[in-house]
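**Student:** everything below, folded, please.
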Amino acid sequence: MKKRNVVLLILLIVVVSSILVLAFWQMEVISTSENQEGHLIVGPGLELDNVITLIASIMAMVLFGLTFLSYKRDGRTRFLYVSIAFLLFAIRGLLLTLDIFYPQQAGWVDLFAAVLDFAILLSFFFGILKK
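**Tutor:** Model (predicted):
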């Protein structure tokens, strides 16, 4: 990898992580007590685990973009499998945070997330097997 690309990659990671840290820092903890399900509430009705899942999904999208660019540049199918795994991980995280917006209609999400977990593992496995 060229020196310029490494610097741009580090800059991208710093910018994205700074934005995420600032967004999380702006949220104040409303209560240190737990809600009915035992989850810590952050911000206006947001649960801490949903916020962390959303941040992980955004980071997975960034990693998907980086690995897909690596695949386009290099042409190795290993990068394609890894980028697919990151994309599936991002979709899984976004689906798990759906209960913030649609709490009653997201009952099928847990089953679909389990299927996506299996697909993510398969994608990483094929990525490891490919040369």
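**Student:** show me the strands in the protein, by range?
**Tutor:** Secondary structure of the chain (DSSP state E): strands located at 29-34, 40-42, 46-47.
**Student:** worst average pLDDT in those?
**Tutor:** Mean pLDDT per stretch puts strand 29-34 lowest among the strands of the chain, at a mean of 44.
**Student:** check contacts around Gly93.
**Tutor:** For Gly93, the contact set (C-beta atoms under 8 Å, 6 or more residues apart in numbering) comprises Thr53, Leu54, Ala56, Ser57, Ala60. All C-beta spots, glycine's among them, are computed from the backbone N, C-alpha and C.
**Student:** please disregard the earlier target; I meant Ala56.
**Tutor:** With C-beta under 8 Å, 6+ apart as the criterion, the residues that contact Ala56 are Phe89, Gly93.
**Student:** output the below-cut-off pLDDT ranges for the chain.
**Tutor:** 1-7, 10-11, 14, 17-47, 99-107, 131 (pLDDT under 70).
**Student:** looking at it, which helix is longest?
**Tutor:** If you go by DSSP state H, the chain has its longest helix at helix 48-74.
**Student:** got the buried residues for that one?
**Tutor:** Across helix 48-74, burial judged by 16 or more other C-beta atoms under 10 Å covers 50-51, 53-64, 66-68, 70-71.
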